[in-house]
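Undergrad: Let's see this in three dimensions:
(one chain, ligands or ions: 1)
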Amino acid sequence: MTDRNNTFRLDGRKVVVTGGARGIGFAIAEAATNAGASVAVLDLEQEALEHAAAQLRDSTGGAEVVVQVCDVSSYESVSAARQALESAWGRADVLVNNAGIFSNAPAHELAVEEWDRVLQVNLSGAFYCSQVFGASMIEARSGNIVCIASMSGLVVNRPQPQVGYNVSKAGIIMLTKSLAAEWATYGIRVNAVAPGYIRSAITENFLGTANVREYWLGGTPLGRLGSPEEVASVVVFLASDAASFVTGETVVADGGYTVW
Ligand SMILES: NC(=O)c1ccc[n+]([C@@H]2O[C@H](COP(=O)([O-])OP(=O)(O)OC[C@H]3O[C@@H](n4cnc5c(N)ncnc54)[C@H](O)[C@@H]3O)[C@@H](O)[C@H]2O)c1
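TA: Have a look, this model is predicted:
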């Protein structure tokens, strides 16, 4: 019988993480290197990328980390990033669509430019990266994509009004299902993780408001924010062969928020 415990690793895999210079993306890059992968971190600024790469090499005892400036909201930038990576580093076995932004405003006041910007980065960006990096996976008849959605793609969070963000994340969940259905035939699995409230400079700052604290922590059965590492471990699982029969799925990691 196969020892399934050996399958929770990414040894020898090449993993691309978008928006990996900080936050959840950085934790995903770190968890992937710890699981044996070589990682390419994509983000908007070279300086932030180099800083992240140095931190990653430090914390993982010198794992292979490459960096590439890329704006996921631009198809040209994503195509150029793939070309540069493929000639210097090789073909990605795993793509993690993590880059994302949010914007809070009531729907009746939300500037149309803000709506466009959030959808362009969060949803179109994930599609562009999937199509561009997916092309090489299709050619190789093998690959794996993990998208970072949000519980906001499943429920409307309170008290912050964030219609564009919610819609973009609901779109990610359906993008995940659609790509999984179309690309299974090429040996590509596509899954998503839907995190709840995760600790970051921004979420910690919001928690300073009593109203927010009450909704966010009071609404979470586990009674706390999650850590970026608690999202990253689910991503590594989905990208690994331990999840070899899982595709089109969105795994919710929200401390139980959406069960109430
Ligand atoms: N923090 C949370 O509570 C939470 C909860 C649910 C889902 N998420 C999702 O997790 C992902 C990461 O969130 P985070 O909290 O780590 O955010 P963050 O703002 O700390 O990090 C996002 C990273 O993405 C990069 N980025 C932004 N726009 C980009 C673009 N156009 N091209 C390339 N890179 C870009 C940023 O430079 C940054 O390094 C996002 O998709 C977010 O929606 C976060």
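Undergrad: Report the contact partners of residue 210.
TA: For residue 210, no contacting residues are found, by CB atoms under 8 Å, 6 or more residues apart in numbering. Using the backbone N, CA and C atoms, a C-beta is placed for each residue, glycine as well.
Undergrad: Oh, that last question was meant for residue 24, not what I typed.
TA: Residues counted as contacts of residue 24 (CB under 8 Å, 6+ apart) are 98, 148, 195, 198, 200, 228, 231, 232.
Undergrad: Need the buried ones from these selected in ChimeraX.
TA: Paste this into ChimeraX to select the buried members of these, with burial taken from 16 or more other CB atoms under 10 Å:
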select :98,148,195,198,228,231,232
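Undergrad: Among the contacts of residue 24, which ones are in helices?
TA: Taking DSSP state H as the definition of helices, the contacts of residue 24 contribute 228, 231, 232.
Undergrad: now these as TSV including pLDDT and distance to the ligand?
TA: Formatted as TSV, the entries for the ones in helices among the contacts of residue 24 read as follows, by pLDDT from 0 to 100; distance: CB to the nearest ligand atom, whole Å:
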residue	pLDDT	distance to the ligand
228	98	6
231	98	7
232	98	10
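Undergrad: for the stretch 1-150 of the chain, what spans make up the strands?
TA: With strands called from DSSP state E, counting those that start in this stretch, the stretch 1-150 of the chain shows them at 14-18, 38-43, 65-69, 94-97, 143-148.
Undergrad: Dump those to a markdown table, plus distance to the ligand and mean pLDDT.
TA: Written out in a markdown table, the entries for those read as follows (distance: least, CB to the nearest ligand atom, whole Å; pLDDT from 0 to 100):
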| stretch | distance to the ligand | mean pLDDT |
| --- | --- | --- |
| strand 14-18 | 6 | 98 |
| strand 38-43 | 5 | 98 |
| strand 65-69 | 9 | 98 |
| strand 94-97 | 8 | 99 |
| strand 143-148 | 4 | 98 |
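Undergrad: which residues of the stretch 51-200 of the chain score low on pLDDT?
TA: Nowhere does the stretch 51-200 of the chain drop to pLDDT under 70.
Undergrad: who in it is up against the ligand?
TA: By CB under 6 Å from any ligand atom, the residues of the stretch 51-200 of the chain that approach the ligand are 70-73, 98-101, 121, 125, 148, 150, 195, 197-198, 200.
Undergrad: again, 8 Å this time
TA: Within reach of the ligand by CB under 8 Å from any ligand atom, the stretch 51-200 of the chain has these residues: 70-74, 77, 97-102, 121-122, 125, 148-152, 165, 169, 194-200.
Undergrad: ok, the ones in helices among the contacts of residue 24 vs residue 86, which is closest?
TA: Using CB to CB, the shortest approach to residue 86 within the ones in helices among the contacts of residue 24 belongs to residue 232, at 25.0 Å.
Undergrad: Please name the residues that touch the closest one.
TA: Applying CB under 8 Å, 6+ apart, we find residue 232 in contact with 24, 27, 28, 30, 31, 32.
Undergrad: mind checking how far residue 222 is from the ligand?
TA: Distance, residue 222 to the ligand, by CB to the nearest ligand atom, to the nearest Å: 14 Å.
Undergrad: what's the farthest-apart pair in the contacts of residue 232?
TA: 24 and 32, at 12.4 Å, using CB to CB across the contacts of residue 232.
Undergrad: biggest helix in this structure by residues?
TA: helix 163-183.
Undergrad: tell me the contacts of residue 193?
TA: 146, 147, 148, 149, 231, 234, 235, 238, 250, 251, 252, 253.
Undergrad: Make a PyMOL selection of the buried ones in the residues you listed.
TA: If you want just the buried ones from those in PyMOL, going by 16+ other CB under 10 Å, the selection is:
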select buried, resi 146+147+148+149+231+234+235+238+250+251+252+253
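Undergrad: ok, and the closest non-adjacent residue to the residue in the stretch 51-200 of the chain that the ligand sits nearest to?
TA: Nearest to the ligand in the stretch 51-200 of the chain, going by CB to the nearest ligand atom, is residue 100, at a distance of 2.2 Å. Across the structure, with CB to CB, 6 or more residues apart in numbering as the measure, the residue nearest residue 100 apart from its sequence neighbours is residue 122 (4.8 Å).
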